[in-house]
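Enquirer: I'll drop the sequence and a predicted model, then ask my questions.
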Amino acid sequence: MLLALRINVLAKGYSGISLATLKHIIEAFNASCLSLVPEQGSVGASGDLAPLAHLALGLIGEGKMWSPETGWGEAKYVLESHELSPIRLSAKEGIALINGTQLITSLGAEAVERSNLIARQADVVAALTLEVLKGTSRAFDSDVQMIRPHKGQIAVAKRLRALLHSDTYPSQIAESHRFCNRVQDAYTLRCCPQVHGIAHDTIEFVHSVITTEMNSATDNPIVFANRGEIISAGNFHGEYPAKVLDFLAIAVHELASMSERRIERLVNPALSELPAFLVKDGGLNSGFMLAHCTAASLVSENKVLCHPSSVDSLSTSAGTEDHVSMGCFAARKSLSVMRNLMKR
């Protein structure tokens with residue numbers, strides 16, 4: 001995705017790159033000739049300079065490249081194996097290849113995609129847990145949501161109602177609450193619309209920002225050929241994706257935090273009225289005890305990963321680049337949080 005996003009930036013026509021060079025890059029992309037790019041080394045302004053320099057390195061025949069046909073090898077060999085030649089750069093084209101937020105954005109896009117899957121699954125898992133623990137769905141009443149009408153909260157409550165007691169096939173447990181006197185459940189059950197809802201809303205917001213970033217000219221300087229002007233500006237600054245990806249990690253982590261607490265309720269007989277650790281005969285069989293330990297470990301790790309990267313900044317380039325976003329680390333951490341949440 002990194003190379004595809006860089007092509008998208010260059011194709012917008014504001015980077016001062018020749019059509020011949022752009023064509024060479026597209027040919028390398030279509031042949032799946034991909035440069036070896038380190039994930040570390042970017043401060044997120046001026047964009048992802050060091051990683052994107054490695055991306056460009058392979059295209060000019062230096063460093064390492066990979067393709068499905070050749071595997072890893074010297075860049076010149078990989079290109080020639082696909083009847084491609086190294087790019088010969090002209091004026092302005094060097095910086096046009098390395099200035100932008102494409103590493104932040106490519107990692108961030110994967111994090112957003114994973115977060116969507118996680119959030120949807122979290123709603124289903126929460127509904128199943130409520131059933132097992134014989135919880136009540138009264139807190140998900142539509143009128144309750146309408147007097148605090150956050151979009152995500154309303155959508156999650158509606159989804160939970162559909163999963164728990166559809167009008168056509170109400171579940172046995174939903175039916176059992178029709179005439180019961182149960183008033184309220186623990187927060188990890190009762191407050192799912194509120195906590196899951198903000199996670200869904202956050203994902204939607206981050207998706208919008210990352211999509212805009214993917215389709216923006218983040219080069220510098222910007223060439224306005226129609227005006228005959230070149231402007232040195234700040235579109236390379238990664239603050240937008242940095243901030244939202246920190247936000248994404250924090251919001252989605254709460255889904256894991258809620259889930260871990262619900263696991264505790266499931267395996268604890270004092271809370272669930274189920275066999276300890278969900279195993280019929282204890283002793284040598286520890287049931288789901290260690291599964292809960294694994295969940296607790298991952299949640300604890302994510303708490304550390306959720307510390308925002310974008311609150312930090314270090315001056316670079318002899319004080320000219322005196323504020324940076326640290327967006328690449330925000331993207332990497334956010335993706336790590338998603339990967340932890342998806343572990344089985």
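Expert: Nice, I can see it.

Enquirer: Which residue comes closest to Met289 once chain neighbours are left out?
Expert: Among residues not flanking Met289 along the chain, Phe277 sits closest, at 4.5 Å (CB to CB, 6 or more residues apart in numbering). Where you see a C-beta, it was placed from the backbone N, CA and C, and this is true even at glycine.

Enquirer: Tell me who's in contact with the one you found.
Expert: Val267, Ser286, Gly287, Phe288, Met289, His292 (CB atoms under 8 Å, 6 or more residues apart in numbering).

Enquirer: Disregarding residues adjacent in the polypeptide, which is nearest to the second one?
Expert: Using CB to CB, 6+ apart and skipping residues adjacent in sequence, the residue nearest Ser286 is Phe277, 6.1 Å away.

Enquirer: got it, and the first one?
Expert: Across the structure, with CB to CB, 6+ apart as the measure, the residue nearest Val267 apart from its sequence neighbours is Phe277 (4.8 Å).

Enquirer: I'd like the distance between the one you found and Phe288.
Expert: For Phe277, the distance to Phe288 equals 5 Å [CB to CB, to the nearest Å].

Enquirer: With Ser106 instead?
Expert: Counting by CB to CB - Ser106 and Phe288 are separated by 37 Å.

Enquirer: okay, the two: which has more neighbours?
Expert: Ser106 (22 against 16; other CB atoms under 10 Å).

Enquirer: so the more buried one sits right up against Val9, yeah?
Expert: No. Assessed by CB atoms under 8 Å, Ser106 is found out of contact with Val9, at 11.8 Å.

Enquirer: who touches both of Phe277 and Phe288?
Expert: Val267.

Enquirer: Identify each buried residue in stretch 267-275, please.
Expert: Val267, Ser272 (16 or more other CB atoms under 10 Å).

Enquirer: any idea whether the residue nearest to Met289 is helix, strand or coil?
Expert: Using DSSP: H, G, I helix; E, B strand; the rest coil, the structure places Phe277 in helix.

Enquirer: Tell me how far it lies from Gly44.
Expert: Distance, Phe277 to Gly44, using CB to CB: 45 Å.

Enquirer: again, but for Val299
Expert: Distance, Val299 to Gly44, using CB to CB: 27 Å.

Enquirer: Ser336 too?
Expert: For Ser336, the distance to Gly44 - CB to CB - is 17 Å.

Enquirer: Who has more neighbours out of the two?
Expert: Gly44 (27 against 16).

Enquirer: Is that one located within a helix, as I assumed?
Expert: No. Under three-state DSSP, Gly44 sits outside any helix and is assigned coil.
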